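Peer 1: Sequence plus the predicted model coming up.
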Amino acid sequence: MLLSILTAITMQHLTVSHAKRLYEWANEPKQLLIFEWDNHNTILAVNEEEYFNVVAHFVTTC
């Protein structure tokens with residue numbers, strides 16, 4: 001199963017350093033996506049196209 005970790009530079013709930021640690025610990029297959037802009041409430045609205053591309057890839061590979 002593919003593990004997808006999504007966060008953003010401005011995210012407070014899942015910081016970039018925490019996301020990178022989770023990614024390093026995870027087994028393959030895995031992916032880490034760090035968005036330039038967003039926060040916990042706006043990750044989808046600000047990054048809609050890229051977000052849905054990642055989710056679609058996740059769903060089709062599982």
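Peer 2: Thanks, I have the structure now.
Peer 1: Could you give the average pLDDT over the longest helix along the chain?
Peer 2: Looking across the chain with DSSP state H, the single longest helix is helix 48-61. Helix 48-61 shows a mean pLDDT of 86.
Peer 1: Can you mark which positions in that helix are buried?
Peer 2: Residues 51, 54 are the ones in helix 48-61 that count as buried (16 or more other Cβ atoms under 10 Å). All C-beta spots, glycine's among them, are computed from the backbone N, C-alpha and C.
Peer 1: Stretch 15-31 now?
Peer 2: Neighbour-count burial for stretch 15-31, with 16+ other Cβ under 10 Å as criterion, is recorded at 19, 23, 31.
Peer 1: The second one touches residue 30, doesn't it?
Peer 2: Yes - applying Cβ atoms under 8 Å as the test, residue 23 and residue 30 come out as touching, 6.2 Å apart.
Peer 1: what touches both of those two?
Peer 2: Common contacts of residue 23 and residue 30 (Cβ atoms under 8 Å, 6 or more residues apart in numbering): residue 5.
Peer 1: how close does residue 48 sit to residue 55?
Peer 2: Taking Cβ to Cβ, to the nearest Å as the measure, residue 48 falls 11 Å from residue 55.
Peer 1: scratch that, residue 26 is what I was asking about
Peer 2: From residue 26 across to residue 55, the span is 18 Å (Cβ to Cβ).
Peer 1: what sits up against the longest helix of the chain?
Peer 2: Under Cβ under 8 Å, 6+ apart, the answer for helix 48-61 is 2, 4, 6, 29, 31, 33, 35, 43, 44.
Peer 1: The last one - that's part of a strand, no?
Peer 2: Same thing as residue 44. No - the assignment for residue 44 is helix, going by DSSP: H, G, I helix; E, B strand; the rest coil, so no strand is present there.
Peer 1: my read: residue 8 touches residue 43, true?
Peer 2: Yes - contact criterion Cβ under 8 Å: residue 8 and residue 43 qualify, at 6.3 Å.
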